[in-house]
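Novice: I need the structure of the sequence given here:
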Amino acid sequence: MQLDAELFVALGFVIFLGVLLKVGAHKLFAGMIDGRIDRIKAELAEAERLRTEAEALLASFEKKRAEAEAEAAAIVAQAKLEADLVAAEARKRIGEYVTRGDKQVMDKIAQAEARAVTEVRAAAADAAVKIAESVLRKGVTGGADFVASGIKELRSLAH
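Specialist: As a prediction, this is how the structure comes out:
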């Protein structure tokens, strides 16, 4: 009996396969597999297209980054150049200011010196006039006393 049961199961399986073949289940199954293959191919093509776009976008951003870095470097270089020019101009102006200040101080010293010389000359002239006046009023009597008294008078006029 066992042989009969196995025979019936085998015979049933063969009939089942025959019905599946008759109905076209193998074509339906192959169509489903082909559809899945086509979907997977489409997904792979879409993934490849997206990867290509991403690479192009990445290259574009890298190019823009490089351009921005170059522009930033140029701006920094220009700013450094301008700062150097401003510093040089400031040094020049400070030098001119110091030179002008030195000249003004020297001019004031020269003016004060000229005034002092003029005042000393005027004082000496006044002293000489007073001495001459006193000599002329008193008359010249003694040579040595005359010089000594003149020096005393000159000292008294100076202070």
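Novice: okay, CA-based contacts and neighbour counts for the rest of this
Specialist: Will do.
Novice: where does the protein dip in pLDDT?
Specialist: Filtered on pLDDT under 70, the chain yields the residue ranges 1-3, 139-147, 150, 154, 157-159.
Novice: max-length helix in it?
Specialist: In the chain, ranked by residue count with DSSP state H as the criterion, the top helix is helix 25-138.
Novice: for it, packing partners?
Specialist: On a contact count with 3 or more CA pairs under 8 Å, 6 or more residues apart in numbering; DSSP states H and E, helix 25-138 meets helix 143-158.
Novice: ok, and the closest non-adjacent residue to Glu153?
Specialist: Leaving aside its chain neighbours, Glu153 sits nearest to Ile131 (7.4 Å; criterion: CA to CA, 6 or more residues apart in numbering).
Novice: Run a quick check on that neighbour versus Ile151, I expect a contact.
Specialist: No. Using CA atoms under 8 Å, Ile131 is not in contact with Ile151, being 9.3 Å away.
Novice: Neighbour count for the two, which is higher?
Specialist: Neighbour count, other CA atoms under 10 Å: between Ile131 and Ile151, Ile131 has more, with 18 against 13.
Novice: how close does that one get to Ala123?
Specialist: Applying CA to CA, to the nearest Å, the value for Ile131 to Ala123 is 12 Å.
Novice: go on, Asp4?
Specialist: From Asp4 over to Ala123 (counting by CA to CA), the distance is 163 Å.
Novice: quick one, which of those two is more surrounded?
Specialist: Taking other CA under 10 Å, Asp4 and Ala123 do not tie; Ala123 has more neighbours (15 against 9).
Novice: Roughly how far does the more buried one sit from Ile109?
Specialist: 21 Å.
Novice: before we move on, what about Ala72?
Specialist: For Ala72, the distance to Ile109 equals 54 Å [CA to CA].
Novice: what does Glu133 give?
Specialist: For Glu133, the distance to Ile109 equals 35 Å [CA to CA].
Novice: what do you get for Ala77?
Specialist: For Ala77, the distance to Ile109 - CA to CA - is 47 Å.
Novice: Also Ala25?
Specialist: The gap separating Ala25 from Ile109 is 123 Å, by CA to CA.
Novice: Sweet, I'm off.
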